[in-house]
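**Q** here is a sequence with its predicted model. Questions after.
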Amino acid sequence: MKFATWNVNSILARLPLVLRWLGEAEPDVLCLQETKCTDDKFPAEAFAELGYRSETFGQPTYNGVAIVSRSKCESVERGLPGDEPGAQARVLRATIEGTRVVNVYVPNGASVGSDKYNFKLEWMRRLRELFDSRYGPDEQVLLCGDFNVAPEDRDVHNPKLWEGQVLFSEPERAALDRIKQWGFLDSFRLLNSEEKQFSWWDYRAGAFKRNHGLRIDHIWVSKPLAERTKAVMIDKQTRAWERPSDHAPVIAELEI
DNA sequence: ATGGTAGATACTCTA
């Protein structure tokens, strides 16, 4: 099975691009972030025409996650445990062909020390709690999405420039590592060790043209899934397509 | 060069 994750920065603005990519990459599961639309406006019919079902968890204007899948999604859950009513739509969970898929849009954090930054760190702490309370590392668990954190120097085009900045600051990386210590492996790093393999490039200042990017979109797997991971790639070609998302999709092929 | 661009919404916020 092929599992993919993609922050599309509005599913309505990106629909033609996403449909084109689905036809070419043929993932079995595609986890979307930043859909930026309510569930009634999600273009489920367009995905159905390509043979995909949709599960959505959206809100107006901001955030929003969805899972489009060839197989049925079971035990679908929306949000983090303890979310207040009307909390930001950032987590969608579903069991697909026996794998528990957790699709997340981690808060961006704005700038180090801001209210949004503190919200991000607290949110990441709660994400770790979700795994502690609901799942075991010996189960088939796949955590993917826009993590909004680059884990290591080799995931950043200029680590010196980014040191201490949001998306790469030490507290964010520590919070990310704390989630990983639950029992995840970074599927991309199981099979690829090169530096400068990015998944996001700012729209501004010609960042993509200069390859000024970060690897902040991830597919993490529990040990039982890591043993079945055959290939992982970041499909950066989409970033050069007409009217692109600022993120590229990541796709992992697992033998299940 | 503290700018730059993109999206949704409503003339600003978020990323």
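**A** All right, it came through fine.
**Q** quick one: contacts for the residue nearest to A:Q59 when sequence neighbours are not counted?
**A** Spatial nearest neighbour of A:Q59, chain neighbours left out: A:A89 (4.5 Å); criterion: Cβ to Cβ, 6 or more residues apart in numbering. In this view, the C-beta of every residue, glycine as well, is placed from N, C-alpha and C. Listed by Cβ atoms under 8 Å, 6 or more residues apart in numbering, the contact set of A:A89 reads A:F57, A:G58, A:Q59, A:N63, A:G64, A:V65, A:R78, A:G79.
**Q** residues of the stretch 151-256 of chain A that sit close to DNA strand B?
**A** Neighbours of DNA strand B within the stretch 151-256 of chain A, by Cβ under 7 Å from any atom of the strand: A:Y203, A:R204, A:A205, A:R243.
**Q** now the two most distant members of those residues.
**A** A:A205 and A:R243 (18.5 Å; Cβ to Cβ).
**Q** how far away is the residue nearest to A:F42 when sequence neighbours are not counted from DNA strand B?
**A** Once flanking residues are discounted, A:F42 sits nearest to A:T56: 4.6 Å by Cβ to Cβ, 6+ apart. Going from A:T56 to DNA strand B by Cβ to the nearest atom of the strand, to the nearest Å gives 15 Å.
**Q** shouldn't A:K116 be within a helix?
**A** Yes: applying DSSP: H, G, I helix; E, B strand; the rest coil, one finds A:K116 inside a helix.
**Q** element containing the closest residue in space to it that isn't next to it in sequence?
**A** Spatially, and ignoring its direct neighbours in sequence, A:K116 is nearest to A:A110 (3.8 Å; Cβ to Cβ, 6+ apart). Using DSSP states H and E, A:A110 sits in no helix or strand.
**Q** state the distance from A:A110 to DNA strand B.
**A** From A:A110 to DNA strand B the distance is 5 Å (Cβ to the nearest atom of the strand).
**Q** pretty sure that residue is touching A:Y117, no?
**A** Yes: using Cβ atoms under 8 Å, A:A110 is in contact with A:Y117, at 6.1 Å.
**Q** who has more neighbours, these two?
**A** Higher neighbour count among A:A110 and A:Y117: A:Y117, with 19 against 13, using other Cβ atoms under 10 Å.
**Q** on that earlier part again, show me the contacts for the residue nearest to A:F42.
**A** A:T35, A:D39, A:F42, A:A44, A:G64, A:V65, A:A66, A:L92.
**Q** which of those residues fall in helices?
**A** Assignment to helices by DSSP state H places the following of the contacts of A:T56 there: A:A44.
**Q** using TSV, lay out the contacts of A:T56 together with distance to DNA strand B and pLDDT.
**A** Formatted as TSV, those follow (distance: Cβ to the nearest atom of the strand, whole Å; pLDDT from 0 to 100):
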residue	distance to DNA strand B	pLDDT
A:T35	9	98
A:D39	13	98
A:F42	12	98
A:A44	16	98
A:G64	10	98
A:V65	13	98
A:A66	14	98
A:L92	17	98
